[in-house]
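> Got a predicted structure plus its sequence, pasted below:
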Amino acid sequence: MISECGGGFPRNQHEWTEEQDCEGRIFQTRPDILLRRRGKDLAIIDTKWKCLSSDPLVAKRGVAQGDVYQMMAYARLYRCDRLMLLYPAVEGNGTTLSHRFGIAGGREMLALGLVDLTTQTNHVQGNLRKLIFDFLPGDTSLTAL
């Protein structure tokens with residue numbers, strides 16, 4: 001069973017000392033969607049409300065550098081290697097994983113997901129479910145969201 005945790009579970013930063021590991025009480029991070037199974041973080045999804053560039057010559061596709069840094073922080077703090085930035089699709093373009101990027105020096109995958117919000121609610125939900133199943137690692141053997 002996978003649970004969606006609105007706002008995620010907070011991971012924190014704390015004042016650094018040389019003598020001990022950080023406990024994290026000062027700055028909190030909360031992803032929009034955290035997918036967990038049996039206590040393990042499977043994927044982190046952060047929703048955005050700006051449109052991506054449709055120009056194939058734009059290497060970053062309109063993704064803000066700060067959003068990438070945010071996802072890299074989530075990957076580290078949650079020890080999670082499946083990350084997605086989820087954007088609204090241009091009407092009629094459907095719901096899809098548009099691009100997948102690797103993060104240098106690690107095994108993390110950052111996907112750009114697009115969701116068509118102009119369709120009926122039950123279609124949006126079904127399309128999101130399919131998008132998430134396509135995004136998750138193949139060995140999760142999931143039965144429900």
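Cool, got the structure.

> So, low pLDDT: which residues of the chain?
1-27, 53, 55-59, 92, 138-145 (pLDDT under 70).

> Could you report the distance from the closest residue to Asp46 other than its chain neighbours to Glu91?
Leaving aside its chain neighbours, Asp46 sits nearest to Asp32 (5.1 Å; criterion: CB to CB, 6 or more residues apart in numbering). The C-beta positions use only the backbone N, C-alpha and C, and glycine is treated the same way. With the distance defined as CB to CB, to the nearest Å, Asp32 ends up 22 Å from Glu91.

> Look at these two and report which has more neighbours.
Neighbour comparison, Asp32 and Glu91: the larger count goes to Asp32, with 15 against 10 (by other CB atoms under 10 Å).

> Now Glu91: closest residue in space, sequence neighbours ignored.
Thr118 (4.8 Å).

> Just say helix, strand or coil for the one you found.
With DSSP: H, G, I helix; E, B strand; the rest coil as the basis, Thr118 sits in coil.

> For Gly94, see how far away it is.
As for Thr118, its distance to Gly94 is 10 Å (criterion: CB to CB).

> shared neighbours, these two?
Common neighbours of Thr118 and Gly94, counting by CB atoms under 8 Å, 6 or more residues apart in numbering, are absent.

> Angles on the backbone of Leu34, please.
Dihedral angles phi and psi of Leu34 (degrees, to the nearest 10) take the values phi -120, psi 120.

> State the number of residues packed around it.
23.

> which residues does it bridge with?
Ile44 (DSSP bridges).

> what's near enough to touch the most centrally placed residue in the chain?
Of all residues in the chain, the one closest to the mean position by CA atoms, centre = their mean is Ile45, 2.2 Å from it. Applying CB under 8 Å, 6+ apart to Ile45 gives the contacts Pro31, Asp32, Ile33, Leu34, Leu35, Leu83, Met84, Leu85, Leu86, Gly113, Ile132.

> Tell me which of those fall in strands.
In this view, these that belong to strands under DSSP state E are Ile33, Leu34, Leu35, Leu83, Met84, Leu85, Leu86, Gly113.

> for the closest residue to Ala75 other than its chain neighbours, what are its contacts?
Once flanking residues are discounted, Ala75 sits nearest to Glu108: 4.8 Å by CB to CB, 6+ apart. When contacts are counted by CB under 8 Å, 6+ apart, Glu108 touches Met72, Ala75, Cys80, Asp81, Arg82, Leu83, Gly102.
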